[in-house]
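A.B. asks: pasting a predicted model and its sequence here:
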Amino acid sequence: MDLPRTIKYEADRVAGFGKEVMSVPGCENLQSCIQCGTCSGVCPLSIYMDYSPRQVMALTRSDFKNEVLRSHTIWLCASCYACTVECPRQIRITDIMYELKQRAIHDGIYPKKFPIPVLAKEFYKMAHKQGRVTDNWLATWMFLKTNWRAALGMWRLGLGLIKRGRFSFTYDSIRQKDQLARMMQTVDNLSIDALTDAKPKRKASH
Amino acid sequence: MKYSYFPGCSLKGTGRSYEESLLPVFKALGVEMEELDDWNCCGATAYMAVDEVKACVMASRNLALAERLGHAELLAPCSACYLVLNKTKHYLHDSASVRGVVGQALQQADLSYSGNVPVRHPLDVLINEVGLDEVKKRVRHPLKGLKVAPYYGCQIVRPYATFDDQYNPTTLDRLVEALGGSVVRFPLKTRCCGGSLTGTLPEPGLLCSYIILKEALARGANVIATLCPLCQFNLDGYHDKITRKWDPVRIPTVYFSQLMGLAFGLSEKEMGLHRHFIEMPALAASAAA
Amino acid sequence: MNEKQWTPRIVAFFCNWCTYTAADLAGVSRLKYAPNMRVIRIMCSGRVDPQFILEAFAKGADGVLIGGCHPNDCHYAEGNYKMLRRFQLLQRMLKDMGIEEDRLRLEWISAAEGEKVKTVMNDMVAKVTAMGPLGMPGRFADWDKEMEHLEAAVATAEAGQPAHSHSQQEVKHA
Amino acid sequence: MDNQRNEPRIGFYVCHCGTNIAGMVDCPAVAQYVSRLPNVVLSRDYKYMCSDPGQELIQQDIREHRLNRIVVASCSPLLHEKTFRGATEKGGLNPFFFHMVNIREHDSWVHTDKQAATEKAKSLAHAAIHRVRFHKPLEVKQVPIHPAVLVVGGGIAGIHAAMTLANAGKKVYLVEREPSIGGHMAKFDKTFPTLDCAACILTPKMSEVGAHPNITLWTYSEAMKMEGYVGNYTVTIRHKPRYIIEDACVGCLECIDACVYKQPKFFDEFNMGLGKRKPVYIPFPQATPQVVLIDPETCLNLKTGKCKKTCVEACADRKAIDFTQKETFSEIKVGAIIVATGFKSFDAQRIPQYGYGTYPNVYTALEIERLVNASGPTGGEVVLRDGKKPKSIGIIHCVGSRDHKTNRWCSRVCCMYSMKLAHLLKEHTEAEVYSFYIDMRTPGKGYEEFYGKLLDEGVQFVRGRVGEVTDWAFTKEEEGKLVIRVEDTLAGYVRRIPVDMVVLATGLEPQADAQEVRRRFNMSCGTEGFFLERHPKLAPVNTFTDGILLAGCCQGPKDIPDTVAQAGAAAAEALVLIDKGHIEQEPNTAFIHEEDCSGCKSCIPLCPYSAILFNEETRKAIINQALCKGCGTCVASCPSGSIEQNLFDDEEIFSEIEGVLAYE
């Protein structure tokens, strides 16, 4: 039988990770977390999580970057903000989850075949390219990229949408796509320094 | 009263019945809405997970378009858009560097944003500007016998609760009562519907929806009123799957604007009710009565 | 004294009961703030004579801060109101003298507001630093010189023809 | 001493205070700098100036070096000015030839740049050296003291302080705004960790207070206004009408039986509405004084004038009922005042997710105290609002404590009282009891042992702050129950726990009118709103106003043992003041140089104490030294500069200004 060791050594920590996250605007209060578990207590999705939101806070603060960014928890967050408004230390947990998601995508260490980051990336691409998002196509692409069998399971829903005139067969998009592209290019071109207090570790493009 | 109007992608897509009902109802109340020209995706939830700053830039383009259009306030009926636009306003206010980046990006489009366009939800305007007395005056078919579970969803009251209480919001309750319907006590008013998880991870996502549907039935409701296109989609579109996984919990979910339209005497077709999966016989009967 | 980088000198008059105690509390709480303030303890902000403030500027202060109890909370019932009235008059006068408004500041800080001591001190030091040195002693020296010229001019005028405008011209040159 | 009036010979001492000062300020450099200033004869740095050898050093130097001025740079004068004045006096000088420089609280503790901090210390020392040259010998004023004490608030703190003083033979006025003394403690069933009955230990003390010859007990009364100063306070007391002549009422309670309302039907304040009372009532059986009162809001006669007045009939020739009573006022003179106004229990409705006020079976801890109490509304039977016995109970800690959205502080008593209630509820109902805590805080004598006992008793402790209490069921077992959703942070699971009864361990917060009371007695409040003590360690019952003392929870949350200890300390401080017979007043009064006074009278309306009079004969103003409090407002506004203030004279302050601005 293969028994994995659960001990953590100092080498398992990524020094400075917690501080980096806490330097992002809105994430500062994490330092004052008292590990009361209110976030997990109110989170409707905590019952599916590998680490509870409280544990994610503790792991982040203690520099366990790999554990946090590989966790399912950050992807299960539906961003309903229940934890954020209930936290007795006014830690903006939802915003921290967003920050962790961005870092996971950036570092490419989210759980493979996990549809949520794929959805996020597809959403990003479509919004970027078209300026708008056509929801039914977004869902279609996501299923094709993760689990095409699941897409088959959705045929009934798709058909229902078509029948009820809620399915868009073409992409919706804005007129001035080039304008939006220029704006995004500007963001990419801006040096990292300009964003130090906004995004300490942000890279120019994804 | 004239407002700028940001429909958002959903209201042009699977949530089109929201727009179809909202526009005529507001017109009937004398509220004019002018759609932003060439608006773009708000930079929603999923986008934020990839790049928050770019999400802010996307949202800011819309805010800047609204400022250029010149009406005092911007209406955003989709909860996610409402949240993202407000969140962006907060970021722009709090962080000089985000302000800097957004400013430079907007320059590329010959746009600018000074931070002065309030983003409001139609329900907020309805209660606090139009007033329920005006609404009552236009009710021709009171929604008698309709037992409504008022479901606000999460993002409209959290975390930037401005027009209603974040624990026990009541604006929708009061609106339903003004329309002649009755409200059931619904403690899950602001519980998450599962959001986009219903599509990506059906088990946890649909459980959230299931709980809301089950509890609405348990409390004697015959319809759920909502104000978010994603909530409506989740609570209305997945009954087959939910039934297969748990029990049948068939109860229709409609937009508040649709209830208003019916009470004002507009037809089900005009309100886009034919686009929903679950029909509402009870509603039809009472409206006709 | 060797040429060091200029940092502002600010004189503060703190009332014994509220603001001085608040500054003690800031110390006990180990809050950190800029070291430019020199606190003079008085029993009540009502004791602050406008001359103290002028003297401080004249002797080289770049700013003056007065700290008293919040309205209605004065240990001596209403000394802080008396200060407030003097303060408003004095501010007009300082303006006429060419001393910027932000160099004189009145703050109500209660005994519990150690945190406010820190914020006010830091904020004031930042503002005064941005304004640069006031240099009243130098200006006074210039004015003294002007006075000498003036007196000399008057003396000459009295000796010769009594031309009033002439002497004023002299002043402008000086 | 002769040398006091001669050319100043200044001795300067800079204190290291261990590393408190020396860690940030270069003390030898400061001493070196000061040694070069004019009139400085001697300049030393020393490890601890406030120590006996430090004080001895000053005395020795005065003698050996014929010093006539002393300056010590150390901590805040509010802490040690008295100490060093004493040392100066013992050395043979007038104590007011001393001046103190604060380089700890105002310097070493608040700065991070050693060079800048040292510069600051030098310039502050420079100012003191300048100033002390102008010091004059002064005499401390002695003022007689009124040998009586006012105690405001009749909870356990006020009761204990009043009894202590009365037993020492002092006159005490005890003022309580409720109809009976006893406070929160009178509502408690048992006390932790000993589980002795609260009433059994409190009520004998209450009746002792009522009967003590040295105590004037005024209940249903409030201290409205305070004037004067330490030793000589005048306080106005308002007596609310209870429509009963207190002296005539014998506490037979026959009027209550006779009331036209046959059944009690009004909200019973003492039992938080869990019980009912009549318009004429006594708050609880052991109330002190044993006098009934009539509630004008519900009494038929007082509301409408139309009542058979069966109560008056029952009272018969005792004639204790008086419907014409109006509020009255009395004025008392006291030397010291002990403020013991207690706390307010956190309003649980401010945390809506716990459902208090929405779900009937969610209770506050104080309600449970009444419910488990044998003399409570149910006779000690723990039943839900529908009369059923609970089979499972969840107790939620930290409700309105440790929460940045409500109250940030730990209320100190909730862990312990929650465990006490867990024990009592288990004993009364044999229900399954869950206790939801964030951190278990048991720092008291026998407290941790009590926690151990509760663990042995099988109370289920869950470490986690409860997310929500709802009434929607997910599983069969949850139907019809309240469901607590919480992360069991130790087991690592989110749990849903169905219970019949939820108890909210509400925190302690300042009384709603704490700010008003603070102003009334010239006190300060901390940021949380509790009254502020003069020093957290060394003057925990004193306030910044001499003669105003604190006891109990009005100063901050505390349990009964701490409250009683603090009340005793406050009583002792009051005794110190009173037994001396007089108080020494700082001689910082203002006086007028008659020869310079122009008689403009502009100072007269400025004085808040009406201490300035105008002598019509000489056409000059005079300051009554007994009334002057030394604020200096008149000094600052005298157009002719004829008013001087001891210790804060113009030349002293001008020299200080010059000193702080003197560059090296």
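C.D. replies: All right, it came through fine. Numbering: from 1, shown residues only, chains lettered A, B, ... in the order given.
A.B. asks: so the residue in chain C positioned nearest to chain A versus chain B, what's the distance?
C.D. replies: Residue nearest to chain A within chain C (C-beta to the nearest C-beta): C:Glu115, separated by 16.0 Å. Every C-beta, even on glycine, is put in place using the N, C-alpha and C of the backbone. As for C:Glu115, its distance to chain B is 20 Å (criterion: C-beta to the nearest C-beta, to the nearest Å).
A.B. asks: and that residue, how many neighbours?
C.D. replies: Residue neighbour count, defined by other C-beta atoms under 10 Å in any protein chain shown, stands at 15 for C:Glu115.
A.B. asks: ditto for the one 4 residues further on
C.D. replies: By the other C-beta under 10 Å criterion, the neighbourhood of C:Thr119 contains 15 residues.
A.B. asks: buried residues in stretch A:127-146?
C.D. replies: Of the residues in stretch A:127-146, those scored as buried under the neighbour-count criterion (16 or more other C-beta atoms under 10 Å in any protein chain shown) are A:127-128, A:130-139, A:141-143, A:146.
A.B. asks: quick check, nearest of those residues to B:Val183?
C.D. replies: Using C-beta to C-beta, the shortest approach to B:Val183 within those belongs to A:Asp135, at 30.3 Å.
A.B. asks: looking at it, the closest one is touching B:Leu11, isn't it?
C.D. replies: No. With contacts defined as C-beta atoms under 8 Å, A:Asp135 does not count as touching B:Leu11, sitting 10.6 Å away.
A.B. asks: show me where the stretch 1-150 of chain B has strands.
C.D. replies: When secondary structure is read from DSSP state E, counting those that start in this stretch, the stretch 1-150 of chain B shows strands at B:2-5, B:32-35, B:74-75, B:119-120, B:147-150.
A.B. asks: so which strand or helix has the residue of chain C closest to chain A?
C.D. replies: Secondary-structure element containing C:Glu115, defined by DSSP states H and E: helix C:114-131.
A.B. asks: now do that helix, average pLDDT.
C.D. replies: For helix C:114-131, the mean pLDDT works out to 95.
A.B. asks: same question for stretch D:123-136.
C.D. replies: The average pLDDT within stretch D:123-136 is 95.
A.B. asks: check the offset of it from the chain's centre.
C.D. replies: How far stretch D:123-136 lies from its chain's middle: 37 Å, per C-alpha atoms, centre = their mean, to the nearest Å.
A.B. asks: stretch D:464-484 now?
C.D. replies: With C-alpha atoms, centre = their mean as the basis, the distance from the averaged C-alpha position of stretch D:464-484 to the chain average is 41 Å.
A.B. asks: dump the C-alpha coordinates for it into CSV.
C.D. replies: As requested, the backbone C-alpha atoms of stretch D:464-484 are provided in CSV (Å, rounded to 0.1, in the frame of the first residue of the first chain):
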residue,chain,number,x,y,z
GLY,D,464,-16.0,27.1,14.4
ARG,D,465,-17.9,30.4,14.2
VAL,D,466,-21.4,29.5,13.0
GLY,D,467,-22.2,30.7,9.5
GLU,D,468,-26.0,30.7,9.8
VAL,D,469,-29.0,29.5,11.6
THR,D,470,-31.9,28.6,9.3
ASP,D,471,-35.1,26.7,9.3
TRP,D,472,-34.9,24.9,5.9
ALA,D,473,-34.3,21.2,5.9
PHE,D,474,-32.1,19.3,3.6
THR,D,475,-32.4,15.9,5.2
LYS,D,476,-35.3,14.2,7.0
GLU,D,477,-33.7,14.7,10.5
GLU,D,478,-33.6,18.4,9.9
GLU,D,479,-37.3,18.9,9.3
GLY,D,480,-39.0,21.1,11.8
LYS,D,481,-35.7,22.0,13.4
LEU,D,482,-33.3,24.9,13.4
VAL,D,483,-30.2,24.1,11.4
ILE,D,484,-26.8,25.4,12.4
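A.B. asks: list of residues touching stretch D:40-58?
C.D. replies: Applying C-beta atoms under 8 Å, 6 or more residues apart in numbering or on different chains, the external contacts of stretch D:40-58 come out as D:9-18, D:27-28, D:30-32, D:34-35, D:61, D:65-67, D:70, D:72, D:74-75, D:80, D:83-84, D:86-88, D:90-91, D:129.
A.B. asks: let's see that with 6 Å instead.
C.D. replies: D:9-16, D:27-28, D:31, D:34-35, D:61, D:65, D:70, D:72, D:74, D:80, D:83, D:87, D:91 (C-beta atoms under 6 Å, 6 or more residues apart in numbering or on different chains).
A.B. asks: for A:Thr38, see how far away A:Ile47 is.
C.D. replies: If you measure A:Ile47 against A:Thr38 using C-beta to C-beta, to the nearest Å, the figure is 15 Å.
A.B. asks: among the buried residues of stretch A:127-146, list the two that are farthest apart in space.
C.D. replies: With C-beta to C-beta as the measure, no two of those lie farther apart than A:Gly131 and A:Thr146, at 24.8 Å.
A.B. asks: and the stretch 451-600 of chain D, which residues reach chain A?
C.D. replies: When proximity is defined as C-beta under 6 Å from any C-beta of the partner chain, the stretch 451-600 of chain D approaches chain A at D:Gly464, D:Arg465, D:Gly467, D:Glu468, D:Arg485, D:Val486, D:Glu487, D:Thr489, D:Val494.
A.B. asks: identify the residue nearest the second one in space, chain neighbours excluded?
C.D. replies: Spatially, and ignoring its direct neighbours in sequence, D:Arg465 is nearest to A:Cys36 (3.7 Å; C-beta to C-beta, 6 or more residues apart in numbering or on different chains).
A.B. asks: what is the longest helix seen in chain D packed up against?
C.D. replies: The helix that spans the most residues within chain D, counting by DSSP state H, is helix D:560-580. Using 3 or more C-beta pairs under 6 Å, 6 or more residues apart in numbering or on different chains; DSSP states H and E as the contact criterion, the secondary-structure elements in contact with helix D:560-580 are helix D:156-167, strand D:336-339.
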